[in-house]
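K.L.:
Return atomic coordinates for the entry below.
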Amino acid sequence: MAKLFQVYLNKESKILDVCCGFGILSQKLMDNGFENITAFDVSYNLTEIFKGICAERYSEISINIECENYERFFQNLDFKKDKGYNIISNPPYEMEHMIPFFQNLYNVMEEDNIAVILIPKGFINKERPKQLKDITSKFKILHSEDMKVKFERTGVNAEILVLTI
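P.N.:
Numbering: from 1, shown residues only. Take a look at the predicted model:
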């Protein structure tokens, strides 16, 4: 996923790592010279691990890591001031989380931004519920790539998408 950022973005791009866990995607980006990263996850333990990794391996980079529920994090953003994010994410893929996830994604992106996300295969093209279709139809798919491995917890096939608006 991080490799796709190198294809579409320059290293000065503003990046938001949504549902970062212990920061594996952000770490890959930092390893490749990206420095303008804000990362957050709902798990305090995972964000603390990530902060420790950053202190040890990336002390020269000022990364903002927050422990926050992603819906609350997005609610606290000023969408007029905090627009222009490029997103990398492996979001929760239950329906009740995906609709607000895509809505918030749309709200923080501008036309020249991208989102690189890992989701269940075919999810972006679902016809129902209508609310999901209404929001996902606002995105343009720039790239789609099947994952070789299924989601561990559910056994569902996954895909990486590069989206823009």
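
K.L.:
Quick check on the nearest residue to residue 122 once chain neighbours are set aside: phi, psi?
P.N.:
Distances taken as Cβ to Cβ, 6 or more residues apart in numbering put residue 159 closest to residue 122, at 7.7 Å, once the chain neighbours are dropped. C-beta here means a position set from N, CA and C on the backbone, and glycine is covered the same way. The phi/psi pair for residue 159 (degrees, to the nearest 10) reads phi -140, psi 150.

K.L.:
Looks like residue 159 contacts residue 146 (just checking).
P.N.:
Yes. Using Cβ atoms under 8 Å, residue 159 is in contact with residue 146, at 5.3 Å.

K.L.:
From residue 109, how far off is residue 134?
P.N.:
Counting by Cβ to Cβ, to the nearest Å, the gap from residue 134 to residue 109 is 16 Å.

K.L.:
Compare the two (neighbour count), which wins?
P.N.:
residue 109 (22 against 12; other Cβ atoms under 10 Å).

K.L.:
Give me the contact list for the worst-scoring helix or strand of the chain on mean pLDDT.
P.N.:
Counting by mean pLDDT, DSSP states H and E, the chain has its least confident helix or strand at helix 70-76, which shows a mean of 72. Helix 70-76 is contacted by residues 18-19, 40-42, 66, 68, 91, 100-101, 104, 107-108 when judged by Cβ atoms under 8 Å, 6 or more residues apart in numbering.
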